[in-house]
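# predicted model, plus sequence, below.
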Amino acid sequence: MEVPGKRLDYDPDKGSADTTVYCQPCGEEGKRAEAQGLCQTCEEYMCDPCIIAHKRFKVTRNHIILSQDRMPSFYPTTKQSDIGVTVYCRDHPKEMIKFYCPTHGDLGCGDCVVLDHRSCKVDYIVDVAKEFVIGNELRELEPSIKRAEDLLSGFISNARKELDEVEKQSKDEMDRLRKFRAQINTYLDRREKELLGNIQKMKTDDERVLAELKTDCELAKCGLVATRTELTSGDVPDNQRYVTARRVQKELRAIHDKMEMMAGRMKSRRYRFVKDEDTEGLLGSNMGLGTLDVAGEFGRSSMLDYGLV
């Protein structure tokens with residue numbers, strides 16, 4: 001016995017030529033008319049007059065009508081009220097899930113079966129659901145779900161512990177790094193102070209020596225200028241000029257001797273800051289301060305660690 005809107009033996013490879021899909025509203029009135037379209041909203045196959053009437057009424061004019069070339073020719077006639085809660089297909093959002101492919105473990109709508117499971121033997125959910133619910137497979141599913149829940153609980157607990165350890169470890173290592181950096185800063189500050197002090201001492205000592213030499217030279221020069229003036233002045237008696245000349249002769253010998261001694265001291269010391277090779281090498285190193293020694297990696301735990309297998 002043919003059922004309006006539903007093939008009795010659907011074979012995807014044979015196409016729609018095997019049987020004819022008939023109008024369901026007409027079939028309910030005892031009439032026989034070939035279906036020319038499918039109302040997806042009502043899930044009913046309709047002939048042209050029924051489609052026209054369907055579009056005429058306000059309550060149904062916005063329903064989605066598939067033309068004959070687009071409608072699935074094996075669409076079940078079961079009403080939504082027989083199926084229960086509506087679950088729409090992920091790949092075809094306007095279609096409801098009504099089939100299950102045991103081969104691939106996929107749920108899908110009629111379009112999915114035509115496009116992806118033509119060679120598979122699919123189960124029509126309405127036909128197999130009742131037997132599945134009272135069968136062993138469903139009863140065995142609950143313990144499997146419970147085991148999976150326990151496994152996930154173990155993973156969640158471990159993840160929480162690891163998160164706490166990650167937080168603690170990062171804090172500890174950052175504190176160690178900053179402490180080491182502070183020690184380096186203290187050391188560099190001390191060495192900088194020492195070197196700056198040495199430079200300042202060099203500067204002070206050289207300035208003192210040179211200033212003393214400069215003062216001695218200036219005093220000697222002033223004495224010679226006065227003596228020369230006395231020797232060349234016409235107002236100075238000859239006896240006094242003689243005494244002055246003899247005295248300056250002796251002073252000149254002493255000045256020359258002193259100048260010879262000062263000549264070796266009239267030079268400031270030359271010095272320059274020499275960079276420490278190890279410290280300078282640190283600036284060009286990619287491992288300055290230190291490195292991270294990673295002792296473990298993620299993903300090393302197994303289900304055995306949680307006592308679940």
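Alright, I've got the coordinates.

# I'd like the next helix or strand past the least confident helix or strand in the chain by mean pLDDT.
Least confident helix or strand of the chain, by mean pLDDT, DSSP states H and E, is helix 80-83 with a mean of 44. Sequence order places strand 99-101 as the next helix or strand after helix 80-83, per DSSP states H and E.

# what helices or strands is the helix or strand following that following strand leaning on?
Tracing the chain past strand 99-101, the next element assigned as helix or strand by DSSP H and E is strand 106-108. Strand 106-108 sits against strand 99-101, helix 110-116, with contacts defined as 3 or more Cβ pairs under 8 Å, 6 or more residues apart in numbering; DSSP states H and E. Glycine gets a C-beta too; all of them are placed from N, C-alpha and C.

# closest one to Ala254 among those?
helix 110-116 (118.9 Å; Cβ to Cβ).

# list the buried residues of the closest one.
Gly110, Cys112, Val113 (16 or more other Cβ atoms under 10 Å).

# likewise stretch 25-45?
By 16+ other Cβ under 10 Å, the buried positions in stretch 25-45 come out as 25-27, 33, 35-40, 42-45.

# and what of stretch 96-109?
For stretch 96-109, burial by neighbour count (16+ other Cβ under 10 Å) applies to Met96, Ile97, Lys98, Phe99, Tyr100, Cys101, Asp106, Leu107, Gly108, Cys109.

# from the residues you listed, which is closest to Lys275?
The closest of the buried residues of stretch 96-109 to Lys275 turns out to be Asp106 (Cβ to Cβ; 70.9 Å).

# domains in this protein, as residue ranges please.
1-77, 140-306 (automatic domain parsing).

# any idea which of those domains is most buried?
Mean neighbours per residue, mean count of other Cβ atoms under 10 Å, is largest over the domains of the chain for domain 1-77, with a mean of 16.

# what is the mean pLDDT for that domain?
For domain 1-77, mean pLDDT rounds to 73.

# so can I have JSON lines of the buried residues of helix 110-116 showing distance to Asp164 and pLDDT?
Shown next, in JSON lines, are the buried residues of helix 110-116 (distance: Cβ to Cβ, whole Å; pLDDT from 0 to 100):
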{"residue": "Gly110", "distance to Asp164": "51", "pLDDT": "87"}
{"residue": "Cys112", "distance to Asp164": "45", "pLDDT": "90"}
{"residue": "Val113", "distance to Asp164": "50", "pLDDT": "90"}
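
# and the lengthiest helix in the chain, what does it pack against?
Among the segments of the chain that qualify as a helix by DSSP state H, the longest is helix 136-232. For helix 136-232, the packing partners by 3+ Cβ pairs under 8 Å, 6+ apart come out as helix 238-263.

# which other helices and strands contact the helix it packs on?
helix 136-232.

# related to what we said a few turns ago, looking at the buried residues of stretch 96-109, which is nearest Thr204?
Asp106 (90.7 Å).

# ok, the closest one to Phe99 distance?
Between Asp106 and Phe99 the distance is 9 Å, computed by Cβ to Cβ, to the nearest Å.

# shared neighbours, the two?
Cys112, His117 (Cβ atoms under 8 Å, 6 or more residues apart in numbering).

# would you list the helices and strands packed on strand 106-108 in TSV and tack on distance to Arg246?
Listed next are the helices and strands packed on strand 106-108 as TSV, based on distance: least, Cβ to Cβ, whole Å:
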stretch	distance to Arg246
strand 99-101	135
helix 110-116	131
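
# for Val133, find the nearest of the ones you listed.
Across these, Val133 has its closest neighbour in strand 99-101 (13.5 Å, Cβ to Cβ).

# give the pairing partners of that closest one; include direction for each.
strand 106-108 (antiparallel), strand 123-124 (antiparallel) (DSSP bridges).

# touching the first one from outside, list them.
Strand 106-108 is contacted from outside by Cys89, Asp91, Ile97, Phe99, Tyr100, Cys101, Cys112, Asp116, His117, using Cβ under 8 Å, 6+ apart.

# from Leu66, how far off is Arg160?
Using Cβ to Cβ, one obtains 51 Å as the distance from Arg160 to Leu66.

# hmm, back to that, distance to Ile125 added to the domains of the chain, as JSON lines?
Formatted as JSON lines, the domains of the chain follow (distance: least, Cβ to Cβ, whole Å):
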{"stretch": "domain 1-77", "distance to Ile125": "9"}
{"stretch": "domain 140-306", "distance to Ile125": "16"}
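
# of these, which is nearest Tyr124?
Closest to Tyr124 of those is domain 1-77 (Cβ to Cβ; 6.4 Å).

# what's near enough to touch Asn185?
So Asn185 contacts nothing (Cβ under 8 Å, 6+ apart).
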